[in-house]
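Asker: Show me the folded form of this:
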Amino acid sequence: MPLHVSRIRALCFDVDGTLSDTDDVMTHRLARLLRPFHFLFPKKEILHVARRLVMASEAPANFLIGIPDVLGLDKPMFALADFLARASHHRPRHFQIIPGVQDMLARLARRYPLAVVSARDTRTTMLFLDRFELTPFFRCIATAQTCRHTKPYPDPVLWAAEQMGVSAEECLMIGDTTVDIRAGRAAGAQTVGVLCGFGEEAELRQRGADMILATTPELVEVLEA
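Answerer: From the prediction side, this is the model:
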């Protein structure tokens, strides 16, 4: 289906692979782990192999993330993970931002209420947003701990729409994976898939994305056209 810009009154953004360059961070980390085994890939760049492995892990990873939610164990698991992270005294998590995201949000926030709809936990979501001073752009922030169910259920999209004072049908869900597209469509929102994260064009289209963009900041041109 084509994207109907005239229907859009609010925007919902995923974080990983949409605002945060998680894909590249994970790829470089995996490449470092694979480097001692470079002899197994004589004709391929280690970085290329690592990127393909990260991309291939997207579907099973999303399935595994959904299991605790279905069983009702997501809140205890997130609480335990947060406790362990705080108790470990590890150095702060390294984040990268997709180039152009700050300017995009500044421009779009003048025209639309914005929301974060992430399947990440609250603590690390806020660490990323605060690190790059993005928090003030958003009217509300939905994480994996905000609603009873997280993506791909529609709950966080519906919650964000209510917080922004619009209907879910007037929202646009922007994300890089099929989980984002499924959540948006289940809520009745339009959806945009971006290719700067974990997802691939064919699977995003198959799940019904209304538009595919190479990178998230291209959304400005679409909405301001």
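Asker: Residue 116 should be in a strand, yeah?
Answerer: Yes: assessed with DSSP: H, G, I helix; E, B strand; the rest coil, residue 116 lies in a strand.
Asker: Tell me how many other residues crowd the closest residue in space to it that isn't next to it in sequence.
Answerer: Nearest non-adjacent residue to residue 116, counting by Cβ to Cβ, 6 or more residues apart in numbering: residue 141, 4.4 Å away. Quick note: C-beta positions are derived from backbone N, CA and C, even for glycine. Look at residue 141: counted by other Cβ atoms under 10 Å, it has 22 neighbours.
Asker: Quick one: residues contacting residue 141.
Answerer: 115-116, 118, 125-126, 129, 135 (Cβ atoms under 8 Å, 6 or more residues apart in numbering).
Asker: quick one: secondary structure of it?
Answerer: Under three-state DSSP, the three-state class of residue 141 is strand.
Asker: Would you mind splitting this structure into its domains for me?
Answerer: The record's domain parsing of the chain by automatic domain parsing lists 5-21+94-224, 24-88.
Asker: Return the member of these having the minimum mean pLDDT.
Answerer: Note on the domains of the chain: domain 24-88 shows the lowest mean pLDDT, a mean of 52.
Asker: quick one: contacts for the residue lying closest to residue 140 once chain neighbours are set aside?
Answerer: Computed as Cβ to Cβ, 6+ apart, the closest residue to residue 140 that is not its neighbour in sequence is residue 163, at 3.8 Å. By Cβ under 8 Å, 6+ apart, residue 163 lies in contact with 115, 139-140.
Asker: ditto for residue 168
Answerer: With Cβ under 8 Å, 6+ apart, residue 168 has these contacts: 154, 157-158, 161, 187-189.
Asker: Most neighbours among these, which one?
Answerer: residue 189 (30 neighbours).
Asker: Skipping adjacent residues, who's closest to it in space?
Answerer: residue 171 (4.2 Å).
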